[in-house]
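A.B. asks: okay, structure incoming, though there's no sequence with it:
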């Protein structure tokens with residue numbers, strides 16, 4: 001008995017929609033080799049997974065991030081200019097995908113995870129940390145909007161060492 005699969009019936013190990021090697025954007029490949037934090041920014045009743053961000057120490061301390069200008073969060077920030085940055089932990093992988101629009105969440109995105117109402121937007125109860133920020137500048141940069149915000153308040157609970165990071169197209173567990 002022949003158990004070999006029929007031609008065309010094989011399951012391939014590579015991604016079916018991946019850009020061919022020779023056509024890949026060098027800047028995206030460079031970015032893919034940098035480890036990025038995974039956060040969810042919330043404001044009002046909306047949120048977005050954001051990994052292109054950094055913190056600048058100073059008086060006042062600031063955060064810079066790249067946001068999708070067409071996202072609901074970018075629109076909400078245009079209205080009130082304040083956000084909550086929720087730093088994600090390893091168990092929050094599905095939550096990160098929900099807020100990135102990659103995974104369904106029946107009943108709405110805030111049905112995934114344990115959220116509490118905050119003064120600016122929902123706060124993830126078991127986040128590795130949170131920051132309340134006020135947007136001070138917004139301008140187009142590449143395909144994104146560069147958001148600069150002042151850090152108003154930071155909360156860092158003890159023992160949140162299993163941080164969620166993103167590199168080379170995959171989530172990584174930092175802090176083990």
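C.D. replies: Received it, and whenever you're ready, just let me know what you need. Just so it is clear, the model here is predicted, and its values are computed rather than measured.
A.B. asks: could you tell me the end-to-end distance of stretch 86-103?
C.D. replies: According to CA to CA, to the nearest Å, stretch 86-103 extends 18 Å from its N-terminal end residue to its C-terminal end residue.
A.B. asks: how close does residue 151 sit to residue 19?
C.D. replies: Residue 151 sits at a distance of 36 Å from residue 19 (criterion: CB to CB, to the nearest Å). For glycine as for every other residue, the C-beta is placed from the backbone atoms N, C-alpha and C.
A.B. asks: who's more crowded, these two?
C.D. replies: residue 151 (18 against 11; other CB atoms under 10 Å).
A.B. asks: just grab the bridge partners of residue 130 for me.
C.D. replies: Going by DSSP bridges, residue 130 is paired in beta bridges with residue 86, residue 155.
A.B. asks: what does the one 10 residues further on give?
C.D. replies: Taking DSSP bridges, one finds residue 145 as the beta-bridge partners of residue 140.
A.B. asks: mind checking the SS state of residue 94?
C.D. replies: Put simply, residue 94 is helix when judged by DSSP: H, G, I helix; E, B strand; the rest coil.
A.B. asks: per-residue pLDDT, it?
C.D. replies: The predicted local distance difference test score for residue 94 is 97.
A.B. asks: equivalent analysis for the one 10 residues further on, please.
C.D. replies: Reading off the per-residue confidence, residue 104 sits at a pLDDT of 95.
A.B. asks: tell me the phi and psi of the residue nearest to it when sequence neighbours are not counted?
C.D. replies: Here the nearest residue to residue 104 in space, its sequence neighbours aside, is residue 98; by CB to CB, 6 or more residues apart in numbering that works out to 7.5 Å. Reported as degrees, to the nearest 10, the phi and psi values for residue 98 are phi -60, psi -50.
A.B. asks: is residue 98 in contact with residue 112, as I believe?
C.D. replies: Yes: taking CB atoms under 8 Å as the contact criterion, residue 98 and residue 112 are neighbours in contact, 4.6 Å apart.
A.B. asks: and the two? Which one has more around it.
C.D. replies: residue 98 (22 against 19).
A.B. asks: which residues of the protein score low on pLDDT?
C.D. replies: 1-12, 15, 176 (pLDDT under 70).
A.B. asks: and with 90 instead?
C.D. replies: In the predicted model, the chain carries pLDDT under 90 at residues 1-35, 78-80, 158-161, 168-169, 174-176.
A.B. asks: just the strands in it please.
C.D. replies: Defined through DSSP state E, the strands belonging to the chain, from first to last, are 36-37, 39-43, 46-50, 53-56, 62-67, 82-87, 115-116, 123-124, 129-141, 144-155, 163-167, 170-174.
A.B. asks: distance from the chain centre to the lengthiest helix in the chain, please.
C.D. replies: The residue-count maximum for a helix in the chain (DSSP state H) belongs to helix 72-80. Relative to the mean C-alpha coordinate of its chain, helix 72-80 is positioned 16 Å out (CA atoms, centre = their mean, to the nearest Å).
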